[in-house]
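Visitor: Sequence below, structure please.
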Amino acid sequence: MYNSKHINKISNIEAEKDVLASIISGNSQSSEIFGLLKPEHFHDKLNSIVYKTLTKLNDLGESFDYTNIIEQSETEIEPNYFYELQREVTKPLIKAMLIHDKWQARQLIKIAKDIIQNVQDSDSDIQDQTDKAISNLKSITDLSMLQEDITLHGSLEDIISSIQERIGKQEETLRSDYFPSFNKYTGGLRAGDFTSLSGKDKAGKTTLAYSLALDFAINRNIPIGLFSLEMTKETLAWKAISLECEIEYQKLRNPNGYKNDITTQLTKSELEQVALKAQRRFSKTKIYTVDQVLNERQIKTKIKKWQKDNGVQFVVIDYIGLVPSSIKFDNREREIAYLSRFFKLLAHELKITLLVLSQQNRQGEIAESKGLDRDSDFAFSIKKPLEEGIQTATIGELQVSFSETDFLVTLERSRHSAQGKQFLATYVGDKQTSFRELELFKSRETI
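Guide: Numbering: from 1, shown residues only. All right, here's what the predicted structure looks like:
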């Protein structure tokens with residue numbers, strides 16, 4: 001694409017190596033460099049690969065020693081290459097800006113060629129071609145880097161005005177009809193919130209997460225997405241129908257019942273009734289499910305497609321311990337820590353609300369990593385009190401004697417409110433199939 005006469009105008013290989021050398025040496029401006037540059041900004045292919053590796057190590061909190069770079073790199077690197085990076089570097093941030101400028105120059109050349117080719121070959125309206133050219137030009141300009149920095153004091157007037165405008169208005173947050181305490185503890189989930197829910201095996205975390213998702217889909221008309229690495233799409237549908245349509249899950253799973261026990265069999269009349277209920281209940285919902293085992297990058301791709309095509313705003317991943325990482329790690333704890341950080345950044349990048357489930361070990365700790373709690377805006381846990389030897393507890397102002405169908409939900413950690421608060425969820429309704437917060441139903445006797 002480039003001839004020798006202008007190659008130096010659109011690249012600076014030595015500046016690229018200076019920037020890499022400064023990062024490896026632990027220069028104090030490395031964080032600013034990572035915020036400015038992306039791997040594709042490097043003209044030299046090997047420099048781009050090494051920078052991508054350094055970015056990966058930085059995300060993982062790993063050191064930039066040569067052994068880590070070689071292990072994490074996508075290609076083999078000759079030792080002589082690292083000798084070239086053993087240099088003293090001055091003003092690395094300025095050189096990073098130079099690299100960015102050179103990348104913009106290359107992109108401008110490409111866009112100019114595309115514009116010329118498009119004008120010559122296309123029969124489309126000239127205004128459409130102009131709009132496309134402007135859009136392409138904007139794509140190579142990071143406008144946020146060009147904005148004038150403003151002090152907190154200088155922005156106070158705008159901040160106060162923004163708060164004032166929100167008073168009395170309906171907040172754009174996800175609020176639950178089924179679990180009112182969830183709203184009190186979170187203030188409603190916002191776009192970009194990263195929330196986690198942990199529990200032991202069969203402790204009710206999937207039921208709580210799906211009930212919450214169905215609540216948003218049905219009562220708030222919010223498009224939702226569900227990734228299940230344990231259940232098939234058909235099983236997820238049975239679960240949803242059971243939770244919302246007053247029918248036992250086991251009857252949907254095994255309509256022929258258990259041996260000759262007719263009470264466990266699904267009759268044609270029941271099936272007709274539940275079919276009508278399901279049609280009415282789910283007619284206006286947008287619920288998308290995936291039961292394939294996808295890695296974190298494939299999950300990101302699917303969420304972006306859901307968001308673009310269907311407006312999905314709330315996503316559940318059930319559960320993180322079963323998500324295979326696209327990056328190889330020497331232990332599972334580091335892998336889960338990486339996945340946790342990846343999904344947190346994903347929620348922030350796409351401005352979606354993400355709920356990630358995780359498994360607890362016998363001691364009640366997240367089995368593979370504590371990073372998920374640390375990264376969460378809200379970290380909830382759920383357990384069956386009777387199985388934990390807990391007979392009674394004070395929930396709100398009520399002292400409750402627990403039953404077999406009760407689940408205790410605790411806000412373990414919050415970035416935005418007090419933690420340690422609890423509420424009780426239980427199965428309700430004529431057939432005890434729906435999952436709701438206890439305070440909604442006053443039939444329970446308190447002690």
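Visitor: where along this protein do the strands fall?
Guide: 194-199, 224-228, 287-290, 314-318, 353-359, 378-383, 392-395, 398-401, 406-414, 422-428, 434-437 (DSSP state E).
Visitor: Dump the ones you listed into JSON lines; add distance to residue 90 as well.
Guide: Quick note: C-beta positions are derived from backbone N, CA and C, even for glycine. Output for the strands of the chain, formatted as JSON lines (distance: least, C-beta to C-beta, whole Å):
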{"stretch": "strand 194-199", "distance to residue 90": "39"}
{"stretch": "strand 224-228", "distance to residue 90": "48"}
{"stretch": "strand 287-290", "distance to residue 90": "50"}
{"stretch": "strand 314-318", "distance to residue 90": "45"}
{"stretch": "strand 353-359", "distance to residue 90": "42"}
{"stretch": "strand 378-383", "distance to residue 90": "44"}
{"stretch": "strand 392-395", "distance to residue 90": "62"}
{"stretch": "strand 398-401", "distance to residue 90": "67"}
{"stretch": "strand 406-414", "distance to residue 90": "43"}
{"stretch": "strand 422-428", "distance to residue 90": "57"}
{"stretch": "strand 434-437", "distance to residue 90": "61"}
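Visitor: Only the buried residues of the longest helix belonging to the chain, if you could.
Guide: For the chain, the helix that runs over the most residues, judged by DSSP state H, is helix 92-121. Within helix 92-121, the residues that count as buried by 16 or more other C-beta atoms under 10 Å are 92-93, 95-100, 102-107, 111, 115.
Visitor: Could you do stretch 389-408 as well?
Guide: Buried, per 16+ other C-beta under 10 Å, within stretch 389-408: 395, 400, 402, 406-408.
Visitor: Quick one: list the elements packing against the longest helix of the chain.
Guide: Here helix 92-121 touches helix 13-24, helix 30-36, helix 126-139, going by 3 or more C-beta pairs under 8 Å, 6 or more residues apart in numbering; DSSP states H and E.
Visitor: which one of the ones you listed lies closest to residue 416?
Guide: Across those, residue 416 has its closest neighbour in helix 30-36 (24.8 Å, C-beta to C-beta).
Visitor: pLDDT (mean, whole number) over that closest one?
Guide: For helix 30-36, the mean per-residue pLDDT is 81.
Visitor: same for it, what does it pack against?
Guide: By 3+ C-beta pairs under 8 Å, 6+ apart, helix 30-36 packs against helix 13-24, helix 45-60, helix 92-121.
Visitor: relative to helix 92-121, how tilted is the shortest one?
Guide: Relative orientation of helix 13-24 and helix 92-121, computed by axes from the mean of the first three to the mean of the last three C-alpha atoms, to 10 degrees: 130 degrees.
Visitor: Tell me the buried residues in helix 13-24?
Guide: 13, 15-24.
Visitor: hmm, back to that, output the helices and strands packed on helix 92-121 in JSON lines, with distance to residue 308 appended to each entry.
Guide: Converted to JSON lines, the helices and strands packed on helix 92-121 look like this (distance: least, C-beta to C-beta, whole Å):
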{"stretch": "helix 13-24", "distance to residue 308": "34"}
{"stretch": "helix 30-36", "distance to residue 308": "26"}
{"stretch": "helix 126-139", "distance to residue 308": "16"}
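Visitor: Out of the ones you listed, which is closest to residue 175?
Guide: Once the helices and strands packed on helix 92-121 are compared by C-beta to C-beta, helix 30-36 is nearest, at 34.2 Å.
Visitor: Return, as residue ranges, the portions of the stretch 301-447 of the chain with sub-threshold pLDDT.
Guide: Where the stretch 301-447 of the chain drops to pLDDT under 70, the residues are 364-370, 396-397, 439-447.
Visitor: now with 50?
Guide: 440-443, 445-447 (pLDDT under 50).
Visitor: what do you get for the stretch 101-250 of the chain?
Guide: 142-147.
Visitor: angle of the longest helix of the chain against helix 126-139?
Guide: Using the same axes, to 10 degrees: helix 92-121 against helix 126-139 is 170 degrees.
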